[in-house]
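1. here you go, sequence then predicted model.
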Amino acid sequence: MNDKHNKNEKPQQGLPVALRHPQFILGAAKPSQFPNDDLVEIAFAGRSNVGKSSAINAICNRRKLARTSKVPGRTQQINFFSLGETARLVDLPGYGFAQVPLAVKKDWETTIHRYLTERSNLIVLVLLMDIRHPLTDLDRQMVKWASESDLPTQILLTKADKLKRGKIASTTLNVEKELANINGQFGVEPFSSLKFTGVDAMREQIQEWVDN
């Protein structure tokens with residue numbers, strides 16, 4: 001993220017209201033630990049190492065709200081963050097890291113699947129994919145779950161700073177074409193927490209979701 005955006009971790013008044021005071025609430029390792037109320041939730045999901053934590057921190061203008069790690073697959077719980085008084089941002093565990101034990105993978109899959117398919121609070125899924133190799137088999141599984149649950153899904157093609165403008169445009173179009181053949185509500189946007197690409201748009205979108 002540009003220095004002008006990360007000098008201060010305190011929320012700025014210029015941010016949408018929902019993102020001015022984000023706070024960590026709790027981490028849940030199983031569905032019984034999920035918050036029990038009617039606040040709406042916007043969930044972020046993606047493969048390990050896709051830049052999910054960096055994206056959340058950029059959108060919320062906080063360097064350390066979501067913990068980043070050099071060890072992919074470290075987050076093993078669903079983390080809930082407040083977005084004002086009526087909504088939450090939910091950080092799902094990264095998926096697809098080969099060195100995670102099989103038993104842990106299965107637990108993650110069960111917990112994530114139950115959250116995505118059964119959580120009545122959930123209104124939108126933000127699904128992050130590396131723009132250099134989007135729509136992996138596991139990404140497609142997430143898309144399938146979203147489609148089956150009739151869950152509106154915003155796809156962010158992360159690390160857009162790694163590609164030239166023409167390649168960004170063609171990759172975005174190709175992803176849109178594939179998703180057009182799947183039942184569901186899907187949006188696709190390039191994103192870079194380093195270059196700040198798509199950050200302001202996502203901030204405005206989150207506020208719209210919360211307001212509606």
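-> Received the coordinates, thanks.

2. okay, CA-based contacts and neighbour counts for the rest of this
-> Will do.

3. in what helix or strand does residue 154 lie?
-> Assigned by DSSP states H and E, residue 154 belongs to strand 153-158.

4. just the CA coordinates for that strand, please, in CSV.
-> The C-alpha coordinates for strand 153-158 follow below in CSV (Å, rounded to 0.1, in the frame of the first residue of the first chain):
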residue,chain,number,x,y,z
THR,A,153,-20.2,-13.0,-4.8
GLN,A,154,-17.6,-10.3,-5.5
ILE,A,155,-14.4,-11.7,-7.0
LEU,A,156,-11.2,-9.7,-6.4
LEU,A,157,-8.3,-10.6,-8.7
THR,A,158,-5.5,-9.8,-6.4
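
5. so what secondary structure elements neighbour that strand?
-> Counting contacts by 3 or more CA pairs under 8 Å, 6 or more residues apart in numbering; DSSP states H and E, strand 153-158 packs against strand 122-130, strand 186-190.

6. now for the last one, which elements pack on it?
-> Going back to what we said before, that points to strand 186-190. Packed against strand 186-190 by the contact rule (3+ CA pairs under 8 Å, 6+ apart) you find strand 153-158, helix 165-179.

7. same thing with the first one?
-> Using 3+ CA pairs under 8 Å, 6+ apart as the contact criterion, the secondary-structure elements in contact with strand 122-130 are strand 40-46, strand 153-158.

8. give the contact list for residue 84.
-> By CA atoms under 8 Å, 6 or more residues apart in numbering, the contact list for residue 84 reads 17, 18, 19, 20, 21, 22.

9. what angle do the strand holding residue 154 and helix 165-179 make?
-> Interaxial angle of strand 153-158 relative to helix 165-179 (axes from the mean of the first three to the mean of the last three CA atoms, to 10 degrees): 150 degrees.

10. now what about strand 153-158, what contacts it?
-> With CA under 8 Å, 6+ apart, strand 153-158 has contacts from 50-51, 124-131, 134, 146, 172, 185-193.

11. that older thread, out of the helices and strands packed on strand 186-190, nearest to residue 41?
-> With respect to residue 41, and counting by CA to CA, the nearest of those is strand 153-158 at 12.7 Å.

12. neighbouring strands for the closest one, and are they parallel or not?
-> Strand 153-158 sits in its sheet next to strand 122-130 (parallel), strand 186-190 (parallel), going by DSSP bridges.
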